[in-house]
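[1] give me the fold of what follows.
(chains A and B)
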Amino acid sequence: MTKYFIQFAQSHEEFRLPELESLAQIENVKISYNKEEYKNNCPFLIIEIDNEEEATRLVKRAILIKNIYELWGVGKIYEDVHTQVKAKPERWPAYDYKSFKFIVSAFGSTCSSDYQIRIIDSFAYLGFKGDIDLKNPEVTFGVLEDYGLDSVPPLEPFMIYFGRLIASGNRDLIQTFNLKKRKYIGNTSMDAELSLIMANQALAVPGKLIYDPFVGTGSFLFTCAQFGSFTMGSDIDGRQIRGQTDRSVKSNVEQYHLQGKVLDTLVFDICHHPWRDNLWFDAIVTDPPYGVRAGAKTLGRKNPTKRPLTIDGTHEGKDYYPPTKPYEMSEVLSDLLEFAARFLVLGGRLVYWLPTLVDEYSSSDLPEHSSMRLVSNSEQNFGQWSRRLVTMEKFKDNIIGERTNIHNVRGVDNLSSVYKKNDVNSNEAETTNTKEKKKPGHYLFREKYFSSKSDKKQIWTRNKDQNRDDDTDNTT
Amino acid sequence: MRLVTHNMLQCHVKGCNSNNFPLQLSDVEIEIQETDFNPKFLRNMLSKLEWNALVKTALEINITTLPNVLPNDLDEEFLKMLHRVLLETHIKQGQMICPNCNHTYPIKDGIPNMLLSETET
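    Now for the predicted structure:
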């Protein structure tokens, strides 16, 4: 094994290691690193990989990795770095006559060009005789200093890394799929960077079939197809898929030249789906509707006592839209996990977003299923609420009848009406219920999200009380 | 909609549980769009598709290139022919009718509408 160091992008930090692990699996590259050394506030990670070819393969489709370098020296002071570089002079001759360039950069600080030149000169003992070529060098060396993220950087870096650039990630794709350049988007379209990370989490590779049951305007169809997978999507709302005449999921497919990979989009409700029973999908990648921007709907009537106008049951009208009713978040998730357990191939992944209120979240909120195991859970924080990208893997055959464990929230669906009717001062019925069972942080997410805006003080005070109760339970 | 997708779908009207596949194509408008050949994907799907249903559906739209029995030896020539049928043949307009309950699912601009009315779910 050879030592390399990764330079991550300083963005979506919680997603970086899960992506790295997914890439290692996709490319079948053995990696080894010290998890203790990894820090969200530092973009560098030392990693061992067998060889350069594998290191290149590992990062070639990475979204959160900027570069990977062969590690020549690392230390808190330059003296230590130079000692390590000088300890292996046998590495130098290969680059004696190559055109080259040096990069000097400081994370969390800036360095003047005078300083950069001084640093570069300090490596003069390497004795490279090739031309300096800043545009297309045959080999690039990097000196990367880490000053941390404090608003006032320290005088000396925490750490200095020096090495030879091996390969770069694929962050250019973020621009390719930039929503600002996409012809057709909706208010729930997922931003490009996260859509691409999701494709990596799904292990999207050529020849696989990947499905999005809440496809909307199609964000994941494109990024998974970009990596060679064949994709399909469905949505209860056909208007989202169709868009307008020249702006639709179809026009996006054409914009990205993915006609051969994005197979089809269909209109149906995932609760009443027409898939034949089979292990069709290698991955399911989706952003379930949770009602913040688009209210989740399922087939049915809000008020079941209302009767349809015609009783004949068929819908002869061409643009028939059946009535829909709101779809509770915890119910959406339960259905999604059961669907995944039934239709994913063994080893197939479910990658989805779980919205949650930060104060109420606990890791036990994650829905579980006996056939699915958790791979990773990364938070994107928006202050009071956040969403978590959950990656699960189907690790054993699904036995019909084994159901999702979502802490019995289905049994207390009437809570929904309690939330709406009661003002917070007279919420006795609700308090009784919450004492019996802790609800997941995403339970009634929509109601909480909106009430926290209009009625912030009351609901957050109540949540604090609830947390205090939980704490006492734990300590006694 | 491509024929590969069609082979994955069945009628899902409540109570319609037998003879509900394959959905019969009717009044269809077909378009051929060439795409890159990917033998890996074809092999992946072939193990899951219902061959007899595929042959039957293909005949409904006058595709006669499929053998009645899936051959053991899937050579490149065969896979290329299959690629044409499964992935390059699009149903742009038309209907899919359940052979059991006669429910009709419309296909408009290549997008099948599989929504059921409330009395059917």
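
[2] out of everything not next to it in sequence, what's closest to the single nearest residue of chain A relative to chain B?
    Closest residue of chain A to chain B, C-beta to the nearest C-beta: residue A:260 (3.1 Å). In short, each C-beta sits where N, CA and C put it, glycine included. Excluding its sequence neighbours, the residue lying closest to residue A:260 (C-beta to C-beta, 6 or more residues apart in numbering or on different chains) is residue B:35, at 3.1 Å.

[3] picking that back up, report the secondary structure state of the residue of chain A closest to chain B.
    Classification of residue A:260 by DSSP: H, G, I helix; E, B strand; the rest coil places it in coil.

[4] for it, what are its contacts?
    Counting by C-beta atoms under 8 Å, 6 or more residues apart in numbering or on different chains, residue A:260 touches B:35, B:36, B:38, B:87.

[5] filter those residues down to the ones in strands?
    Among the contacts of residue A:260, no member falls in strands (DSSP state E).

[6] pLDDT below threshold where in the stretch 301-450 of chain A?
    Confidence mapping of the stretch 301-450 of chain A against pLDDT under 70 gives the ranges A:301-322, A:401-439, A:441, A:450.

[7] can you give me the strands in it?
    In the stretch 301-450 of chain A, the segments counted as strands under DSSP state E, counting those that start in this stretch are A:324-326, A:344-357, A:372-381, A:385-394.

[8] ok, is the longest one in contact with chain B or not?
    No. Using C-beta under 8 Å from any C-beta of the partner chain, strand A:344-357 stays clear of chain B, coming no nearer than 9.2 Å.

[9] most neighbours among the contacts of residue A:260, which one?
    residue B:87 (25 neighbours; other C-beta atoms under 10 Å in any protein chain shown).

[10] wait, it sits on residue B:4?
    Yes. Assessed by C-beta atoms under 8 Å, residue B:87 is found in contact with residue B:4 at 6.1 Å.

[11] got any residues that touch both of the two?
    residue A:263.

[12] tell me the secondary structure of residue B:14, please.
    Quick answer, by three-state DSSP: residue B:14 is coil.

[13] hmm, it is touching residue B:120, no?
    Yes. Residue B:14 is in contact with residue B:120 according to C-beta under 8 Å; the separation is 5.7 Å.

[14] these two - which one has more neighbours?
    Neighbours were counted for residue B:14 and for residue B:120 using other C-beta under 10 Å; residue B:120 has more, 20 against 11.

[15] apart from its neighbours in sequence, what residue is nearest the more buried one?
    What sits nearest to residue B:120 in space, not counting adjacent residues and going by C-beta to C-beta, 6+ apart, is residue B:13, at 4.6 Å.

[16] report pLDDT for the closest residue to chain A within chain B.
    Residue nearest to chain A within chain B: residue B:35 (3.1 Å; C-beta to the nearest C-beta). Residue B:35 carries a pLDDT score of 95 in this model.

[17] now residue A:455
    We have a pLDDT of 43 for residue A:455.

[18] pull out the buried positions in stretch A:104-114.
    If you call a residue buried by 16 or more other C-beta atoms under 10 Å in any protein chain shown, then stretch A:104-114 has these buried ones: A:104, A:106, A:107, A:108, A:109, A:111.

[19] next one: stretch A:274-291
    A:274-276, A:279-291.

[20] restrict those residues to contacts with chain B.
    The residues of the buried residues of stretch A:274-291 that also fall near chain B, by C-beta under 8 Å from any C-beta, are A:274, A:275, A:276, A:279, A:280, A:282.

[21] got any ranges where the stretch 151-300 of chain A has weak pLDDT?
    Under the criterion pLDDT under 70, the flagged ranges of the stretch 151-300 of chain A are A:291-296.

[22] next to chain B, which bits of it? Give me the list.
    Residues of the stretch 151-300 of chain A lying near chain B by C-beta under 8 Å from any C-beta: A:206-209, A:230, A:232, A:234, A:236, A:238, A:241-242, A:250, A:259-260, A:263-269, A:272-276, A:278-280, A:282, A:299-300.

[23] what residues does chain B have near chain A?
    Counting by C-beta under 8 Å from any C-beta, the residues of chain B close to chain A are B:1-2, B:4-5, B:8-12, B:21, B:33, B:35-36, B:38, B:40-41, B:44-45, B:48, B:50, B:87, B:103-106, B:108-121.

[24] can you tell me which of those are buried?
    Among the residues of chain B next to chain A, those classed as buried by 16+ other C-beta under 10 Å are B:1-2, B:4-5, B:8-12, B:21, B:38, B:41, B:44-45, B:50, B:87, B:103-106, B:108, B:110-121.

[25] what about these, which are in helices?
    B:4, B:5, B:41, B:44, B:45, B:87 (DSSP state H).

[26] and the residue lying closest to the second one once chain neighbours are set aside, how many residues sit next to it?
    With C-beta to C-beta, 6+ apart as the measure, residue A:264 is the residue that lies nearest to residue B:5, at 4.4 Å, once sequence neighbours are left out. If you count neighbours by other C-beta under 10 Å, residue A:264 ends up with 22.

[27] right, and the secondary structure at residue A:264 would be what?
    Three-state call for residue A:264 (three-state DSSP): strand.

[28] these two touch, right, residue A:206 and residue A:225?
    No. Counting by C-beta under 8 Å, residue A:206 sits too far from residue A:225 to count as a contact (10.1 Å).

[29] name the residue in the two with the higher neighbour count.
    Neighbour tally, residue A:206 and residue A:225, criterion other C-beta under 10 Å: the higher count belongs to residue A:225, 24 against 12.

[30] enumerate every residue touching the more buried one.
    By C-beta under 8 Å, 6+ apart, the contact set of residue A:225 is A:231, A:256, A:258, A:261, A:262.

[31] likewise residue B:106?
    Contacts of residue B:106 (C-beta under 8 Å, 6+ apart): A:318, B:94, B:95, B:112, B:113.

[32] report pLDDT for it.
    For residue B:106, pLDDT reads 97.

[33] helix or strand for residue B:28, which one?
    strand B:24-32 (DSSP states H and E).
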